[in-house]
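Enquirer: sequence and predicted model, in that order:
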Amino acid sequence: MIIVTKADIIDKVSAGTGLTKLETEAVVNGFISVVKEKLLEGGRVDLRGFGAFTVQHRAARTARNPRTNTPVPVPASTIPVFKASKEFRKEVDENLS
């Protein structure tokens, strides 16, 4: 498995654009801030050809502890979700199959 960190992204984008690492870091941080802000407002962020960041609501439910088989209440929650676009999914499938 390949893990890419925020610093790796900044290095790669900086090298590809000619921006300094500080300028690139400001752009990446700005992007992350906008995505977080819109999701916290309950909005959606669409990036054509890449995917969409959305907020998903999960209802409360009862799960089971696998060791004791006793019921465990799981409270309702709201989570951020990323869904890849059809084009991106197809590209990943073709390149990694």
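Expert: Arrived safely, thanks for sending. Please read all numbers here as calculations on a predicted model, not as lab measurements. Numbers count the residues shown, from 1 in each chain.

Enquirer: C-alpha only now, for contacts and for neighbours.
Expert: OK.

Enquirer: outline the domain layout of the chain.
Expert: Domain assignment for the chain, taken from automatic domain parsing, gives 1-41, 43-97.

Enquirer: rebuild the ones you listed as a markdown table, extending it with mean neighbour count.
Expert: Shown next, in a markdown table, are the domains of the chain (neighbours: other C-alpha atoms under 10 Å):
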| stretch | mean neighbour count |
| --- | --- |
| domain 1-41 | 13 |
| domain 43-97 | 12 |
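
Enquirer: TSV for the ones you listed, including mean pLDDT?
Expert: Formatted as TSV, the domains of the chain follow (pLDDT from 0 to 100):
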stretch	mean pLDDT
domain 1-41	96
domain 43-97	96
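
Enquirer: how about the strands in the protein?
Expert: For the chain, applying DSSP state E gives strands covering 45-47, 51-58, 61-64, 71-74, 77-84.

Enquirer: can you list the strands that the third one pairs with?
Expert: When pairing is defined by DSSP bridges, strand 61-64 lines up against strand 71-74 (antiparallel).

Enquirer: coming back round to it: quick one: closest of the strands of the chain to residue 16.
Expert: strand 45-47 (19.9 Å; C-alpha to C-alpha).

Enquirer: check which helices and strands the closest one sits against.
Expert: Secondary-structure packing of strand 45-47 (3 or more C-alpha pairs under 8 Å, 6 or more residues apart in numbering; DSSP states H and E): helix 21-40, strand 51-58.

Enquirer: out of the ones you listed, the one nearest residue 87 is which?
Expert: strand 51-58 (8.9 Å).

Enquirer: who does that closest one touch, helix- and strand-wise?
Expert: helix 21-40, strand 45-47, strand 77-84.

Enquirer: list the contacts for the residue sitting nearest the centre point of the chain?
Expert: Against the mean C-alpha coordinate of the chain, by C-alpha atoms, centre = their mean, the closest residue is residue 82 at 4.7 Å. By C-alpha atoms under 8 Å, 6 or more residues apart in numbering, the contact set of residue 82 is 51, 52, 53, 54.
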